[in-house]
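Peer 1: With the input below, show me the fold.
(2 chains)
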Amino acid sequence: AQTVTQSQPEMSVQEAETVTLSCTYDTSENNYYLFWYKQPPSRQMILVIRQEAYKQQNATENRFSVNFQKAAKSFSLKISDSQLGDTAMYFCAFMKHENSGYALNFGKGTSLLVTP
Amino acid sequence: DGGITQSPKYLFRKEGQNVTLSCEQNLNHDAMYWYRQDPGQGLRLIYYSQIVNDFQKGDIAEGYSVSREKKESFPLTVTSAQKNPTAFYLCASSIGGRGHEQYFGPGTRLTVT
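Peer 2: Reported below is the predicted structural model:
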């Protein structure tokens, strides 16, 4: 069974600084997808970034980037130039193959607070 | 506007009553999902459906039931057999298949007393 571990329950960062959220996972698959979702206080889940395991290049979306280490099964999220609006819960997720399709297996989340 | 709607936003029920949570999408997505979120637990998969008239149990299906009679709709019934039904419930949809993003609804907070 695939497991996703986020070892940092809470983190804080000052505005304009950089922060890295960690995520490790366990799988025997070779080709898979990983995601970071953001859940602000509104509780609306929003996709931040997606990584395909067979791609060596780390995914980047504006101020958000990942450090994907396939051999180490590590998938950390880096937020550059942090903004107050980045305050949210961040969930790492692994796309797993179920009986007749695909579903997400989530970590327990990291609560990020961006302070002025 | 395309999206996923869940209603109601807040729902209160007495213990022993079944309750149905609504989820509708107009994104023309084939796949739909139900997740449960508890404090400190992340999201856990309850049921999912890859196509109309077909659905599969997720990791915590006990005490829940679903139907998928229309592509746009995937209602979730929380039965009296669910021991701890109070939680935040999120519905999602996707095109289906490997690697595609799941889009989430705004969620329903269910409180059972």
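
Peer 1: so where's the longest strand in the chain?
Peer 2: As the question left the chain open, I've gone with chain A. In chain A, with assignment by DSSP state E, the single longest strand is strand A:88-98.

Peer 1: that's the other chain; I wanted chain B
Peer 2: From DSSP E, the single longest strand across chain B is strand B:42-51.

Peer 1: Can I get it as CSV, trimmed to CA atoms?
Peer 2: Presented in CSV, the C-alpha positions along strand B:42-51 are these (Å, rounded to 0.1, in the frame of the first residue of the first chain):
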residue,chain,number,x,y,z
GLY,B,42,-5.7,14.6,5.9
LEU,B,43,-8.2,13.4,3.3
ARG,B,44,-9.4,9.8,3.1
LEU,B,45,-11.2,8.2,0.2
ILE,B,46,-14.7,6.9,0.8
TYR,B,47,-16.0,6.0,-2.6
TYR,B,48,-15.2,6.8,-6.2
SER,B,49,-16.8,6.3,-9.6
GLN,B,50,-15.0,6.2,-12.9
ILE,B,51,-18.2,6.0,-15.0
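
Peer 1: Which positions in the longest strand of chain A come out as buried?
Peer 2: Judged by neighbour count (16 or more other Cβ atoms under 10 Å in any protein chain shown), strand A:88-98 contains these buried residues: A:88-96, A:98. For glycine as for every other residue, the C-beta is placed from the backbone atoms N, C-alpha and C.

Peer 1: Stretch A:72-91 now?
Peer 2: By neighbour count on 16+ other Cβ under 10 Å, the buried set for stretch A:72-91 is A:73, A:75-79, A:82, A:86-91.

Peer 1: Show me where chain A has its strands.
Peer 2: Using DSSP E, the strands of chain A run over A:3-5, A:10-14, A:19-21, A:24-26, A:33-39, A:46-52, A:60-61, A:64-69, A:74-79, A:88-98, A:101-106, A:110-115.

Peer 1: got a list of contacts for the fourth one?
Peer 2: Outside strand A:24-26, the residues within contact range by Cβ atoms under 8 Å, 6 or more residues apart in numbering or on different chains are A:2-5, A:7, A:34, A:72-75, A:92, A:94.

Peer 1: can we see that at 7 Å?
Peer 2: Strand A:24-26 is contacted by residues A:2-5, A:73-75, A:94 when judged by Cβ atoms under 7 Å, 6 or more residues apart in numbering or on different chains.

Peer 1: List the beta-bridge partners for the residue lying closest to residue A:39 once chain neighbours are set aside.
Peer 2: Distances taken as Cβ to Cβ, 6 or more residues apart in numbering or on different chains place residue A:89 nearest to residue A:39, at 4.3 Å, with adjacent residues excluded. Here residue A:89 sits in beta bridges with residue A:39, residue A:111, as judged by DSSP bridges.

Peer 1: neighbours of residue B:112, just the number please.
Peer 2: Residue B:112: 18 surrounding residues under other Cβ atoms under 10 Å in any protein chain shown.

Peer 1: shouldn't it be in contact with residue B:86?
Peer 2: Yes - the criterion here is Cβ atoms under 7 Å, and residue B:112 meets it with residue B:86 at 5.1 Å.

Peer 1: Kindly state the beta-bridge partners for the residue nearest the centre of chain B.
Peer 2: The centroid of chain B falls nearest to residue B:34 when counting by Cα atoms, centre = their mean (2.9 Å). Here residue B:34 sits in beta bridges with residue B:47, residue B:91, going by DSSP bridges.

Peer 1: thinking it is in contact with residue B:47, fair?
Peer 2: Yes - assessed by Cβ under 7 Å, residue B:34 is found in contact with residue B:47 at 5.0 Å.
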